[in-house]
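A.B. asks: Predicted coordinates and the sequence they were generated for:
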Amino acid sequence: MATSERQAVVTKQAPGPYPTLSQAVVHNGLVFCSGSIGMNPATNTLVQGTIADRTTQALTNLSKVLEAAGSGSHKVLKVIIYVTSMDDVPLMNEAYNNFFAEPRPARACVCVKALARGTDIEMECTGFI
């Protein structure tokens, strides 16, 4: 899907995007994924359990979007994580570290007041094709 024009990525394997955004955009061989939360695409509900469970689901959703773009989780360059409590970061890190092999992507983790649908984690990433 590499092209010099911007191209939107759409897959039913991940939760559908809000009308104001794309699941991802590809440009010059890079895939810019929108934020993903721990939502089950089959039910459109948040995964129950811990932040680790929602982290795993958010990463799975991002992986499906990356695959639809011709990329994959092994081609992620940078991840930005938003959490509503820094106390949750160790548990989130466990799920994150189980998902990505070495070398892991560059990363930022930011604590915010609130996230969509009342979730406690949202992740976005950039990968290559």
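C.D. replies: Yep, that arrived.

A.B. asks: how many other residues sit next to S63?
C.D. replies: 22 (other Cβ atoms under 10 Å). Using the backbone N, CA and C atoms, a C-beta is placed for each residue, glycine as well.

A.B. asks: from now on call the first residue 20
C.D. replies: I'll keep to 20 as the first residue from here, and by that count the last item is S82.

A.B. asks: Just give the nearest non-adjacent residue to it, would you?
C.D. replies: Excluding the flanking residues, the one nearest S82 by Cβ to Cβ, 6 or more residues apart in numbering is S92, at 4.4 Å.

A.B. asks: and the next element down the chain from the longest helix along the chain?
C.D. replies: When the chain is parsed with DSSP state H, its longest helix is helix 70-87. The first helix or strand that comes after helix 70-87 along the chain, using DSSP states H and E, is strand 95-102.

A.B. asks: K31 versus the residue nearest to T103 when sequence neighbours are not counted, what's the distance?
C.D. replies: The shortest distance from T103 to any non-neighbouring residue, by Cβ to Cβ, 6+ apart, is to D139 (4.8 Å). Separation of D139 from K31 (Cβ to Cβ, to the nearest Å): 25 Å.

A.B. asks: Mind checking which of the two has more residues around it?
C.D. replies: For D139 versus K31, neighbours defined as other Cβ under 10 Å are more numerous around D139 (19 against 10).

A.B. asks: Contacts only, for the more buried one.
C.D. replies: Residues near D139 by Cβ atoms under 8 Å, 6 or more residues apart in numbering: I70, R73, V102, T103, S104, D107.

A.B. asks: Save those as CSV, and put in distance to M58, pLDDT and neighbour count too.
C.D. replies: Converted to CSV, the contacts of D139 look like this (distance: Cβ to Cβ, whole Å; pLDDT from 0 to 100; neighbours: other Cβ atoms under 10 Å):
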residue, distance to M58, pLDDT, neighbour count
I70, 14, 98, 24
R73, 8, 98, 24
V102, 16, 98, 21
T103, 16, 98, 17
S104, 19, 98, 12
D107, 17, 98, 18
